[in-house]
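# Structure for the following, please:
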Amino acid sequence: MHKSLRYISATAVAAVAIGVAGPTASAAQAHLPAPAAVAEAASTDSQTVPLTADEVAEIQRIAAQIQAETAAAGDEDTPRMLSGKSEAGKKMIALLKKSPGLFKAAVKAAKSGHKAFKDWMDKQNAAVRAAWWLLSGGVQSWVIDELAKLVS
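Alright, predicted model coming up:
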(Lines give C-alpha, C1' and ligand atoms only; values in the text may rest on other atoms or scores of the structure.)
Protein backbone atom coordinates (compact mmCIF):
# COMPACT_ATOMS: atom_id res chain seq x y z
CA MET A 1 0.00 0.00 0.00
CA HIS A 2 2.74 2.45 1.01
CA LYS A 3 4.66 1.69 -2.17
CA SER A 4 1.54 2.32 -4.28
CA LEU A 5 1.00 5.67 -2.58
CA ARG A 6 4.56 6.65 -3.41
CA TYR A 7 4.06 5.79 -7.07
CA ILE A 8 0.80 7.73 -7.17
CA SER A 9 2.36 10.79 -5.54
CA ALA A 10 5.40 10.68 -7.84
CA THR A 11 3.08 10.49 -10.84
CA ALA A 12 1.04 13.42 -9.52
CA VAL A 13 4.19 15.49 -8.96
CA ALA A 14 5.39 14.75 -12.49
CA ALA A 15 2.00 15.66 -13.94
CA VAL A 16 1.95 18.96 -12.07
CA ALA A 17 5.54 19.70 -13.12
CA ILE A 18 4.72 19.03 -16.76
CA GLY A 19 1.57 21.14 -16.52
CA VAL A 20 3.50 24.07 -15.03
CA ALA A 21 6.54 23.71 -17.27
CA GLY A 22 4.57 23.28 -20.50
CA PRO A 23 3.48 26.94 -20.62
CA THR A 24 7.00 27.99 -19.62
CA ALA A 25 8.49 26.01 -22.50
CA SER A 26 5.97 27.50 -24.90
CA ALA A 27 6.73 30.97 -23.60
CA ALA A 28 10.42 30.41 -24.32
CA GLN A 29 9.58 29.94 -27.99
CA ALA A 30 7.16 32.86 -28.15
CA HIS A 31 8.25 36.34 -29.14
CA LEU A 32 9.24 38.20 -25.98
CA PRO A 33 8.11 41.80 -25.57
CA ALA A 34 10.65 44.58 -25.69
CA PRO A 35 12.20 45.49 -22.31
CA ALA A 36 10.36 48.83 -22.41
CA ALA A 37 7.04 47.00 -22.75
CA VAL A 38 7.96 44.73 -19.84
CA ALA A 39 8.84 47.75 -17.69
CA GLU A 40 5.59 49.49 -18.67
CA ALA A 41 3.53 46.44 -17.76
CA ALA A 42 5.36 46.15 -14.45
CA SER A 43 4.65 49.77 -13.55
CA THR A 44 1.08 48.80 -12.61
CA ASP A 45 2.35 46.86 -9.59
CA SER A 46 5.28 48.22 -7.62
CA GLN A 47 6.29 44.74 -6.41
CA THR A 48 6.68 43.27 -9.89
CA VAL A 49 10.32 43.36 -10.96
CA PRO A 50 10.74 44.12 -14.68
CA LEU A 51 13.00 41.70 -16.55
CA THR A 52 14.82 42.07 -19.83
CA ALA A 53 14.36 39.51 -22.59
CA ASP A 54 17.86 38.12 -21.86
CA GLU A 55 17.05 37.74 -18.16
CA VAL A 56 13.79 35.93 -18.97
CA ALA A 57 15.59 33.56 -21.36
CA GLU A 58 18.25 32.73 -18.75
CA ILE A 59 15.61 32.29 -16.04
CA GLN A 60 13.68 29.89 -18.28
CA ARG A 61 16.86 27.88 -18.90
CA ILE A 62 17.47 27.52 -15.16
CA ALA A 63 13.78 26.74 -14.55
CA ALA A 64 14.12 23.82 -16.97
CA GLN A 65 17.09 22.53 -14.94
CA ILE A 66 15.06 22.85 -11.74
CA GLN A 67 12.22 20.92 -13.34
CA ALA A 68 14.56 18.13 -14.42
CA GLU A 69 16.13 17.87 -10.96
CA THR A 70 12.89 17.95 -9.02
CA ALA A 71 11.31 15.38 -11.34
CA ALA A 72 14.33 13.11 -10.87
CA ALA A 73 14.26 13.61 -7.09
CA GLY A 74 10.61 12.62 -6.87
CA ASP A 75 8.97 12.66 -3.47
CA GLU A 76 11.29 10.37 -1.54
CA ASP A 77 13.64 11.34 1.27
CA THR A 78 16.62 9.13 0.50
CA PRO A 79 19.99 10.94 0.61
CA ARG A 80 20.18 10.99 -3.20
CA MET A 81 16.70 12.51 -3.45
CA LEU A 82 17.37 15.10 -0.74
CA SER A 83 20.55 16.09 -2.56
CA GLY A 84 18.58 16.68 -5.77
CA LYS A 85 16.07 18.83 -3.92
CA SER A 86 18.74 20.98 -2.26
CA GLU A 87 20.42 21.46 -5.64
CA ALA A 88 17.09 22.69 -7.00
CA GLY A 89 16.95 25.23 -4.13
CA LYS A 90 20.44 26.45 -4.97
CA LYS A 91 19.44 26.75 -8.63
CA MET A 92 16.40 28.83 -7.60
CA ILE A 93 18.70 31.29 -5.83
CA ALA A 94 20.96 31.33 -8.91
CA LEU A 95 17.85 31.99 -11.02
CA LEU A 96 16.96 35.01 -8.87
CA LYS A 97 20.53 36.30 -9.18
CA LYS A 98 20.19 36.48 -12.99
CA SER A 99 18.41 39.81 -12.50
CA PRO A 100 20.04 42.13 -9.93
CA GLY A 101 16.73 43.92 -9.36
CA LEU A 102 14.87 40.64 -8.89
CA PHE A 103 17.47 39.32 -6.45
CA LYS A 104 17.50 42.50 -4.35
CA ALA A 105 13.68 42.50 -4.19
CA ALA A 106 13.65 38.78 -3.29
CA VAL A 107 16.04 39.34 -0.38
CA LYS A 108 13.93 42.26 0.84
CA ALA A 109 10.73 40.17 0.61
CA ALA A 110 12.37 37.20 2.36
CA LYS A 111 13.42 39.41 5.26
CA SER A 112 9.72 40.29 5.70
CA GLY A 113 8.84 36.63 6.27
CA HIS A 114 7.58 33.58 4.43
CA LYS A 115 4.07 34.88 3.77
CA ALA A 116 5.37 38.21 2.49
CA PHE A 117 7.82 36.41 0.21
CA LYS A 118 5.13 34.12 -1.21
CA ASP A 119 2.83 37.11 -1.79
CA TRP A 120 5.70 38.89 -3.55
CA MET A 121 6.51 35.81 -5.64
CA ASP A 122 2.88 35.63 -6.85
CA LYS A 123 3.40 39.00 -8.57
CA GLN A 124 6.58 38.11 -10.47
CA ASN A 125 7.25 37.05 -14.06
CA ALA A 126 5.58 33.77 -15.08
CA ALA A 127 8.97 32.09 -15.70
CA VAL A 128 10.12 32.91 -12.16
CA ARG A 129 6.82 31.73 -10.63
CA ALA A 130 6.91 28.49 -12.65
CA ALA A 131 10.37 27.65 -11.31
CA TRP A 132 9.19 28.47 -7.78
CA TRP A 133 6.15 26.19 -8.06
CA LEU A 134 8.36 23.27 -9.06
CA LEU A 135 10.03 23.31 -5.64
CA SER A 136 8.57 21.37 -2.75
CA GLY A 137 7.42 23.28 0.33
CA GLY A 138 10.53 22.35 2.30
CA VAL A 139 12.84 23.57 -0.44
CA GLN A 140 10.84 26.78 -0.80
CA SER A 141 11.21 27.41 2.94
CA TRP A 142 14.95 26.75 2.69
CA VAL A 143 15.29 29.25 -0.18
CA ILE A 144 13.37 31.92 1.74
CA ASP A 145 15.50 31.36 4.85
CA GLU A 146 18.72 31.51 2.84
CA LEU A 147 17.66 34.76 1.16
CA ALA A 148 16.63 36.27 4.50
CA LYS A 149 20.16 35.61 5.86
CA LEU A 150 21.75 37.68 3.09
CA VAL A 151 22.68 41.33 3.49
CA SER A 152 20.72 43.41 1.00
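
# mind listing the strands for the chain?
Read by DSSP state E, the chain holds no strands at all.

# Show me the helices in it, by range?
Along the chain, counting by DSSP state H, helices occupy 2-29, 35-42, 53-73, 79-97, 100-111, 114-121, 126-134, 137-149.

# packing partners for the last one?
Where contact means 3 or more C-beta pairs under 8 Å, 6 or more residues apart in numbering; DSSP states H and E, helix 137-149 is packed against helix 79-97, helix 100-111, helix 114-121. All C-beta atoms are positioned from the backbone trio N, CA, C, and that covers glycine.

# Which of those helices sits closest to Leu150?
With C-beta to C-beta, the closest approach to Leu150 among the helices and strands packed on helix 137-149 belongs to helix 100-111: 5.1 Å.

# Which other helices and strands does that closest one contact?
Packing partners of helix 100-111 (3+ C-beta pairs under 8 Å, 6+ apart): helix 79-97, helix 114-121, helix 137-149.

# Name the residues of the shortest one that come out as buried.
Across helix 114-121, burial judged by 16 or more other C-beta atoms under 10 Å covers Phe117, Trp120, Met121.

# For Lys108, state which of the residues you listed is nearest.
Each of the buried residues of helix 114-121 was scored against Lys108 by C-beta to C-beta, and Trp120 proved nearest at 8.4 Å.

# which residues touch the closest residue to that closest one other than its chain neighbours?
Leaving out its chain neighbours, the residue that sits closest to Trp120 by C-beta to C-beta, 6 or more residues apart in numbering is Ala109, at 3.8 Å. Ala109 is in contact with Gln47, Ala116, Phe117, Asp119, Trp120, Met121, Leu147, counting by C-beta atoms under 8 Å, 6 or more residues apart in numbering.
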